[in-house]
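Student: Here's my sequence, what's the structure:
(2 chains)
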Protein chains: 2
Amino acid sequence: MSKPTPISGFPEWLPPQRMIEQYVIERIRRTFELYGFAPLETRAVEPLDQLLRKGETSKEVYVLRRLQAAEGDIDEDTLGLHFDLTVPFARFVLENAGKLHFPFRRYQIQKVWRGERPQEGRYREFLQADIDVVDRDTLPFHYEAEMPLVLGDALGGLPIPPVLVHVNNRKVCEGFYRGLGLTDPEAALRAVDKLDKIGPEKVAELLAETAGASDAQAKACLRLAEISAPDASFADQVRALGVSHPLLDEGLEELVRVVEVAAEHAPGLCVADLKIARGLDYYTGTVYEATLSGFERFGSVCAGGRYDNLASAGNDRFPGVGISIGVTRILGLLFGAGALTVSRSVPTSVLVALPAEERRRDCDRIAAALRGRGIATEVAPSAAKYGKQIRFAERRGIPFVWFPGGDGEADTVKDIRSGDQVEADSTAWTPPAGDLRPAIAGA
Amino acid sequence: MSKPTPISGFPEWLPPQRMIEQYVIERIRRTFELYGFAPLETRAVEPLDQLLRKGETSKEVYVLRRLQAAEGDIDEDTLGLHFDLTVPFARFVLENAGKLHFPFRRYQIQKVWRGERPQEGRYREFLQADIDVVDRDTLPFHYEAEMPLVLGDALGGLPIPPVLVHVNNRKVCEGFYRGLGLTDPEAALRAVDKLDKIGPEKVAELLAETAGASDAQAKACLRLAEISAPDASFADQVRALGVSHPLLDEGLEELVRVVEVAAEHAPGLCVADLKIARGLDYYTGTVYEATLSGFERFGSVCAGGRYDNLASAGNDRFPGVGISIGVTRILGLLFGAGALTVSRSVPTSVLVALPAEERRRDCDRIAAALRGRGIATEVAPSAAKYGKQIRFAERRGIPFVWFPGGDGEADTVKDIRSGDQVEADSTAWTPPAGDLRPAIAGA
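Tutor: Numbering: from 1, shown residues only, chains lettered A, B, ... in the order given. Have a look, this model is predicted:
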């Protein structure tokens, strides 16, 4: 065959980057579990009709068919790859409600697929790390204030730039639009959602066209979208616009609480930003979008919100709130900027040098003794000259080379960075804690 | 929408099972890293022509297309979901050879997809955990002896029944068939590979039809396939059949070594079993198939082998050897038999009881203090009566409930299994080590 080439939009990391990714995933997972979120993994596929049920996503779906299946049109049984983890989760909750305890807190870290045109930080296959809480019938509001804190904790301990969580509340927007006299608040929301992409003038045109807004109404919508503050002061700015509606009051009260809880537990993490709308139309309360400091121009790296109607069937209704970390997106941006490094390209801490091929079994025993005590160890591939074996370790960043003794001589171990070499016993020697595993660092 | 139903062949675990799966994955991963295998993850898709290049797999491939793409025939750019992790790995090595150090040891734990008819222990989407070693131009034999040891270590520490690795060598079969005078050893191998499915008589017919074997030749092939031994004695049984060929000698020598190394490092792990052929035709040396004790009737749960020609382009050639653990297959069988349990259905170790909704922030601070010291903690969803809050913990198997004090009273923590309740400080109290994380146990 000829040499293969990458497929645009389907990123693959080399092992050093994959080690960083795993470190990041583990940290996120550990934090999610500390908050009591239970792990879940759903299948990669959903029935196509389920995927097309909500939002403007049909263009993004990859459809599956078996190579040997009879040719035919797309039918009810057609499967597509999931494009997020929220829709599959809502389906899972409905399907398994009788076996779950509510409120149900779960996390899910999986690949998703979208047939979008690839660009920097936008992929066709990427990893997301989601948390959601769903409850039966009603969901207490306090979970909406908890989501950003979990996010802040999960990413806060990593050697990456800080995230800023922009928060809004659908009730604020809908209440405000209704208070203005607009009768199709969803159309208005979809128009305002395009603000960053097309600018205020085009949004005003769109508001007139799709939501029937007058000039004055369009201006008021845009003024609302301009409001942003790291504390409760945003509420006064909204009230100063002179619009009133019960839903607006309810939304403002909730948004103030989210911002205040965040300010107490994680100062600097959250900002109220009233232009945040989130395109998918299933959100009904708080919405979140997080940006990475220094990478704001690439848009949000985390997103989520409260949804009341995503998981319901017959009389069963499971309102929820969740947030999703775009792991591949964050790593893609940071790898692109050279902003994350790892100290070696293999997990290995010790290379056992091989004096002669006949002594491979002795070397295997030394390696087994070290591994038995949690020290990642390889035996040299061949009994080359020691200089060559040391270069094998050097090229991979393996810090220690172990030299088996023999004929009564003790084994020795050499730190090939400093050149220090000491006698060592494979049943007792341990590397410094910092050398046990590859070390991940920021720029 | 109506209540969704499962899709046959796409298993989904409930959170307790997913916790067990994660535990198993972590143990496997940790072992792979102790042996110096570097992590890798490849994209889910490969060009269809690449997937159809080797072996009889075309019937199993899921083909992708974007929902909005123009209708059209399958062309060169068509993508399919990978059906194993070896073919993508071989492609990755060719694509990135210039950036990798050889010999290259990597592990890969990912979902794969096959459009097969689902049955017990056979899925359309399932998780595999693979290790492979590839080298440039030539690969030392000793890696073929190492693979079963890594497998034995990875699964040996888990609360699952022991695995038995059946080992054979393609050179033994090919050399034997050639020594017999058969000119199409691959056809003979494919016939013998069906022994367990269709029995010796039908295999003999197939050998005559597809490999041109005489009655005597077919009988000799079947006699070879009957040979099995946990030690080097199998070689004498083969020689007693009176067939000789240089490739047969080479294969026997290698197979003896694999069995002897395993007998020294992990007695009882390996057995030479000369009927093992592996259907995929890319193997060229040692081949492996492992069964799970007590579940032999379900066939192999791990498989692999040496391949010399899978990764080659122009003058670049990267022979390799690898083994794959069928994680979903193992768990599906054990879950089906009720042979794996977990002590709770959430990661949570402590539930902080909520005396009144106004005290939620106090409770959040207690939870933060416990989490800060690695103790998974939730705060109760509402300020219900304490009896109800304790039942919330009980239903999930959360072992401890924390009662905030107040007005100068100290906090207390209660082990709800024993009823023991003690005064506790959230900056100092720690649960017993066994209660820190959910405990996984065998039947």
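
Student: Tell me where the stretch 251-400 of chain A has strands.
Tutor: Counting by DSSP state E, counting those that start in this stretch, one finds strands in the stretch 251-400 of chain A at the ranges A:270-273, A:286-292, A:302-307, A:312-313, A:316-317, A:320-326, A:340-342, A:350-352, A:377-379, A:400-403.

Student: Turn these into a markdown table, including mean pLDDT and mean neighbour count.
Tutor: In short, each C-beta sits where N, CA and C put it, glycine included. Formatted as a markdown table, the strands of the stretch 251-400 of chain A follow (pLDDT from 0 to 100; neighbours: other C-beta atoms under 10 Å in any protein chain shown):
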| stretch | mean pLDDT | mean neighbour count |
| --- | --- | --- |
| strand A:270-273 | 98 | 24 |
| strand A:286-292 | 97 | 25 |
| strand A:302-307 | 96 | 26 |
| strand A:312-313 | 82 | 16 |
| strand A:316-317 | 90 | 16 |
| strand A:320-326 | 97 | 26 |
| strand A:340-342 | 96 | 19 |
| strand A:350-352 | 98 | 26 |
| strand A:377-379 | 98 | 26 |
| strand A:400-403 | 98 | 23 |
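
Student: nearest to chain B, of those?
Tutor: Chain B lies closest, by C-beta to the nearest C-beta, to one member of the strands of the stretch 251-400 of chain A: strand A:377-379, at 3.6 Å.

Student: Now look at the closest one and say if it contacts chain B.
Tutor: Yes - using C-beta under 8 Å from any C-beta of the partner chain, strand A:377-379 reaches chain B at A:377, A:378.

Student: who touches that strand?
Tutor: Contact with strand A:377-379 is made by A:346, A:348-352, A:354, A:360, A:363-364, A:366-367, A:370-371, A:398, A:402, B:34-36, B:105, as judged by C-beta atoms under 8 Å, 6 or more residues apart in numbering or on different chains.

Student: if we go to 10 Å?
Tutor: A:346-354, A:359-371, A:392-393, A:396, A:398, A:400, A:402, A:404, A:426, B:34-37, B:103, B:105, B:142, B:146 (C-beta atoms under 10 Å, 6 or more residues apart in numbering or on different chains).

Student: Quick check on those residues: which are buried?
Tutor: A:346-354, A:359-360, A:362-371, A:392-393, A:396, A:398, A:400, A:402, A:404, A:426, B:34-37, B:103, B:105, B:142, B:146 (16 or more other C-beta atoms under 10 Å in any protein chain shown).

Student: and residue A:437, what are its phi and psi?
Tutor: Dihedral pair for residue A:437: phi -130, psi 160, per degrees, to the nearest 10.

Student: can you check residue A:141 too?
Tutor: Dihedral angles (degrees, to the nearest 10) for residue A:141: phi -60, psi -30.

Student: ok, back up a step: mind listing which of the contacts of strand A:377-379 are in helices?
Tutor: The helices, defined by DSSP state H, take in A:360-371, A:392-393, A:396, B:34, B:142, B:146 from those.

Student: Name every strand pairing with the worst-scoring helix or strand of chain A on mean pLDDT and say which way it goes.
Tutor: Counting by mean pLDDT, DSSP states H and E, chain A has its least confident helix or strand at strand A:312-313, which shows a mean of 82. Paired with strand A:312-313 in the same sheet, following DSSP bridges, are strand A:316-317 (antiparallel).

Student: Mind listing residues that contact the partner strand?
Tutor: A:93-94, A:97-98, A:134-139, A:308-311, B:3.

Student: from the chain's centre, how far out does it sit?
Tutor: Centre-to-centre, strand A:316-317 and its host chain are 28 Å apart (C-alpha atoms, centre = their mean, to the nearest Å).

Student: try stretch A:220-234
Tutor: Per C-alpha atoms, centre = their mean, the centroid offset for stretch A:220-234 relative to its chain is 27 Å.

Student: Go through it and flag the buried ones.
Tutor: Those would be A:220, A:221, A:222, A:223, A:224, A:225, A:227, A:230, A:234, for stretch A:220-234 by 16+ other C-beta under 10 Å.

Student: how far does that stretch stretch from start to finish?
Tutor: In stretch A:220-234, first residue to last residue: 15 Å (C-alpha to C-alpha, to the nearest Å).

Student: what about that stretch and chain B, touching?
Tutor: No - Stretch A:220-234 is not in contact with chain B by C-beta under 10 Å from any C-beta of the partner chain; minimum separation 15.7 Å.

Student: Tell me what the residue nearest the centre of chain A is bridged to.
Tutor: Nearest to the geometric centre of chain A sits residue A:325, at 2.4 Å (C-alpha atoms, centre = their mean). Beta-bridge partners for residue A:325, by DSSP bridges, are residue A:129, residue A:302.

Student: Is it correct that it is in contact with residue A:304?
Tutor: Yes - assessed by C-beta atoms under 10 Å, residue A:325 is found in contact with residue A:304 at 9.2 Å.

Student: Tell me how far residue A:355 lies from residue B:435.
Tutor: 48 Å (C-beta to C-beta, to the nearest Å).

Student: From residue A:275, how far off is residue A:197?
Tutor: On the measure of C-beta to C-beta, residue A:197 and residue A:275 end up 12 Å apart.

Student: Looking at these two now, which is surrounded by more residues?
Tutor: residue A:275 (19 against 9; other C-beta atoms under 10 Å in any protein chain shown).

Student: pLDDT on the one helix or strand residue A:167 maps to, on average?
Tutor: Assessed by DSSP states H and E, residue A:167 sits inside strand A:163-169. Here strand A:163-169 scores 98 as its mean pLDDT.

Student: what's the offset of it from the middle of its chain?
Tutor: With C-alpha atoms, centre = their mean, you get 15 Å for strand A:163-169.
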